[in-house]
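[1] I would like to see how this sequence folds:
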Amino acid sequence: MTEETKDEQFTEKYKLDPNSELRFEVESNATVLLELSEGMGEIFGSELAKNKTYTFPPGSKVAIFTWHGCSIRMKGKTEVAYVSKETPMVMYVNSHAALEQMRQKAEDDCSRGPRVLVVGPTDVGKSTLCRMLANYAVRLGRSPILTDLDVGQGHVGIPGTIGAFVVERPADVEEGFSQNAPLVFHYGHYSPADNLTLYNMLVTRLADVINLRCEQSNKINVSGVVINTGGWVRGGGYEALKQAAGAFEVDAVFVLDQERLYNELKRDMPEFVKILLLPKSGGVVERAQATRTEYRDNKVREYFYGVRNNLYPHTFDVKFSDVKIYKIGAPPLPESCLPLGMKAQDNKTKLVPLLPSTGLLHHVLSISSASLPTPDQNIIEANVLGFIVVTGIDMDKGSFKVLSPAPHPLPNTVLLVMDIQFMDIK
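    A predicted model of the protein is given here:
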């Protein structure tokens, strides 16, 4: 196809000056095609290839930044599309440069690379900044561990989990990072507030496993860890952030868009932890609760069907007798009913066996890597192998139908129930 024909095919054209950004949001029932025709541009730290057509699905919120100027061609319906010269990218890149200096020092000293916790209220661009920091690091030949503690969004695994993976190549512009063997832990709820005791226990467990991984590879150890967090920054949420900072022994905390949080952390963090206040991008938009719910459903759908709907999950029956189903956390009991020496908090991390019932319909189940028989603690702190959804229950036959990314049989027999439900409506 000639350049002239391509020019006719694309309906919108934008010329970006150096250090400016094209921001657009795709309409809910549309897709947008985009191409870089001249210069150099990047999306959240991933470079755009020249003359390659990229497709963005409904609801995408995209920002194309250019350091040296570029031309963009676009086709499709957007809710909004504009070019902005007001962008915090220089500050973000300076933050990356500071981390890279710490990596170089770690290399020289044979010590540990930087560990940075990215914090802030909801919808300030925390996960986007983490993606940028990981992308910039990997473009310099590093292999950082990207860690996600935001159970509400689930950027590693699915919502209701925390996890981490080693970043070995820049994120794909359309599909994000290629997650090769991510480490994922079952939490089971959308908010740390639902079971803070369990949440903090799992964060500590994840930090311990990451420490072991760093010990096994000098390159990963020097590259460091980038940690994304949720938007709950008051009360128990603030305490959970401090606990996470301690568990990961972070060297730096990047606070996005909240001076109050920045000052609290300056007061409470050890002297050696660098606290940096960064502005949020003007392109970051607050999401309504309905949008957040839709995003969560889409994350579960992507797990089974792929970002482009190009995966084909399997459906098969599982006998009740072939699996053991548990829920973590028992209902609270009054102090007077507790066994001697037991605290009410202990109930939060109690493993409760469940009998199969119609109440499991549409629930997401985590497949634990723990083998039976094993102490309860081992199951609670074991990573998960994957997820299934209960799509049908036949009490007479003693079996339930599941949606699974892999064919029968299940990789393990220990299943953990999530609060999270998924209706498989294509």
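
[2] could you list the low-pLDDT ranges of the stretch 1-150 of the chain?
    For the stretch 1-150 of the chain, applying pLDDT under 70 flags the ranges 1-9.

[3] in terms of secondary structure, what does the helix or strand where residue 262 lies contact?
    Using DSSP states H and E, residue 262 sits in helix 259-268. For helix 259-268, the elements it packs on are helix 236-248, strand 252-256, strand 274-278, judged by 3 or more Cβ pairs under 8 Å, 6 or more residues apart in numbering; DSSP states H and E. Where you see a C-beta, it was placed from the backbone N, CA and C, and this is true even at glycine.

[4] what about it, average pLDDT?
    For helix 259-268, mean pLDDT is 98.

[5] which of the helices and strands packed on helix 259-268 is buried the deepest?
    Sort the helices and strands packed on helix 259-268 by mean neighbour count, taking mean count of other Cβ atoms under 10 Å, and strand 252-256 sits at the top with a mean of 24.

[6] got the domain boundaries for the protein?
    The record's domain parsing of the chain by automatic domain parsing lists 3-87, 89-278, 313-421.

[7] what are the ranges of the helices in the stretch 1-150 of the chain?
    3-9, 89-109, 126-139 (DSSP state H, counting those that start in this stretch).

[8] how far is the helix holding residue 262 from where the chain is centred?
    Centre-to-centre, helix 259-268 and its host chain are 25 Å apart (Cα atoms, centre = their mean, to the nearest Å).

[9] sorry, back to before: mind checking the domains of the chain for the one nearest to residue 307?
    Of all these, it is domain 89-278 that lies closest to residue 307, at 4.7 Å by Cβ to Cβ.

[10] now for the most centrally placed residue in the chain: which residues touch it?
    What sits nearest the mean C-alpha location of the chain, by Cα atoms, centre = their mean, is residue 155, with 1.9 Å. Shown in contact with residue 155 (Cβ atoms under 8 Å, 6 or more residues apart in numbering): 127, 148, 228.

[11] swap the cut-off to 10 Å and go again
    127, 130-131, 146-148, 161, 163, 165, 176-177, 179, 182, 228, 299 (Cβ atoms under 10 Å, 6 or more residues apart in numbering).

[12] go on, residue 161?
    Applying Cβ under 10 Å, 6+ apart, the residues near residue 161 are 148, 150-151, 154-155, 182, 184-188, 202, 364, 366, 383-384, 387, 418, 420.

[13] which element, helix or strand, includes the residue lying closest to it once chain neighbours are set aside?
    Distances taken as Cβ to Cβ, 6 or more residues apart in numbering put residue 184 closest to residue 161, at 5.0 Å, once the chain neighbours are dropped. Here residue 184, judged by DSSP H and E, is contained in strand 183-186.

[14] again with residue 204
    helix 196-216.

[15] about what we covered before: for the strand holding residue 184, packing partners?
    The contact analysis (3 or more Cβ pairs under 10 Å, 6 or more residues apart in numbering; DSSP states H and E) places strand 183-186 against strand 145-148, strand 161-166, helix 196-216, strand 363-368, helix 376-380, strand 384-394, strand 414-421.

[16] please report the distance of residue 269 from residue 52.
    Distance of residue 269 to residue 52, computed by Cβ to Cβ, to the nearest Å: 44 Å.
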